[in-house]
Structures are given as structure tokens and as C-alpha cells.
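K.L.:
Would you be able to build a 3D model of this:
(chains A and B)
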There are 2 protein chains.
Amino acid sequence: MSIFQLLLVLKICRKYLHWVQNSVFEGEITVARLEKLKSELRKIINEEEDSIIIYTFRTGWYTRREIMGIEKGGEEVIL
Amino acid sequence: MSIFQLLLVLKICRKYLHWVQNSVFEGEITVARLEKLKSELRKIINEEEDSIIIYTFRTGWYTRREIMGIEKGGEEVIL
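P.N.:
Prediction:
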């Protein structure tokens, strides 16, 4: 992925989620908005070479988030 | 974090988890081994500057993992 594509991917992700660290984003999102995000990303990435992993938690009940070191990202944390 | 520290962190994580992408690792791990991993990492990172985020799911029931593009990592996937 070119740096231009990467910056575009990051810019798109920021519309829906908040940046946490490196190329990691987090946030609460509806199914519809997630589909919209994915369709925008599909226009940018080359699915033969690039890789985006999406982890969705339907509830925060069974999920824990722990930071070692400093909290880099912005806004409030979802978990 | 220096490149040397980063390589050391990646090497340590590989002992416990499998590499998925960039600086992301996944895997099933006991509480005891997770504590061991964290104590090894604490000896390497500078907690005033560096940031490691650990997401733990007590069950895979409410969690979904989806790939856009290629699967980069190795071994079988936990979700």
C-alpha cells in the first residue's frame, strides 16, 4: 500500500472511529455505518496485497482492554 | 521505542502469541502466561513513552473477526 493510500485509509477510518495507536482504530459503530466504512475502504485498498482486520464485539461484557505504558489515542475509550 | 526494543518486543510476543499484522498479535493464552508475557514486556518498554494495548476476550461468542484483503498472519485463527 502506498503512503498516499495509507493516509486515505486513515482519513476514512477517522470519520467513523477514533485512532488508538499505529494503524489501530476503535469505536462504537452501527452495522450500517460499518458496512459504509468497509465499502469506502474497498475502493482504496488492493485486496490482493493489503490486509485490514476488523474485530467486532457485540458487547463489552466479555472483553477487557488494558494499556501498558501511555494511552496514545483520543476521545473516551469504548471498553 | 528503538528498533532494537521493538524487535525484542516482537520476539517476546511470538513466544506466547502468533503474529497477525504490523504490531498485532493474537492467540489463546492462560491468565498466568499473560501475566508472564506482560512482566517480560515491562522489562523492555519505557512506560512513560511506549504504548501496548491488550484486548482480552473471555469468550469468542460475542466477538467476530473479519479480514478485508489478505490474511497476513500465521497459524490458525482464534475467532
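K.L.:
For chain A, what lies in contact range of chain B?
P.N.:
Taking CB under 8 Å from any CB of the partner chain as the criterion, the neighbours of chain B within chain A are A:20-24, A:38, A:41-42, A:45-59, A:61-72, A:79. (Each C-beta comes from the backbone N, C-alpha and C, glycine too.)
K.L.:
In helices, which of those appear?
P.N.:
Assignment to helices by DSSP state H places the following of the residues of chain A next to chain B there: A:38, A:41-42.
K.L.:
Highest neighbour count among the residues you listed?
P.N.:
When neighbours are counted by other CB atoms under 10 Å in any protein chain shown, A:Leu41 leads those with 20 neighbours.
K.L.:
If we go by neighbour counts, what in the longest helix along chain A is buried?
P.N.:
Residue-count comparison of every helix in chain A, with assignments taken from DSSP H, identifies helix A:3-16 as the longest. By neighbour count with 16 or more other CB atoms under 10 Å in any protein chain shown, helix A:3-16 contains the buried residues A:8-9, A:12-13, A:16.
K.L.:
Who are the packing partners of it?
P.N.:
Packed against helix A:3-16 by the contact rule (3 or more CB pairs under 8 Å, 6 or more residues apart in numbering or on different chains; DSSP states H and E) you find strand A:24-26, helix A:31-42.
K.L.:
now A:Asn22: how far from B:Ile45?
P.N.:
Relative to B:Ile45, A:Asn22 is positioned 14 Å away (criterion: CB to CB, to the nearest Å).
K.L.:
At the geometric centre of chain A, which residue do we find?
P.N.:
A:Phe25 (3.3 Å; CA atoms, centre = their mean).
K.L.:
Please name the nearest non-neighbouring residue to that residue.
P.N.:
Spatially, and ignoring its direct neighbours in sequence, A:Phe25 is nearest to A:Leu17 (3.9 Å; CB to CB, 6 or more residues apart in numbering or on different chains).
K.L.:
Was I right to think A:Ile12 contacts A:Ile44?
P.N.:
Yes. Under the contact definition of CB atoms under 8 Å, A:Ile12 touches A:Ile44, with a separation of 7.0 Å.
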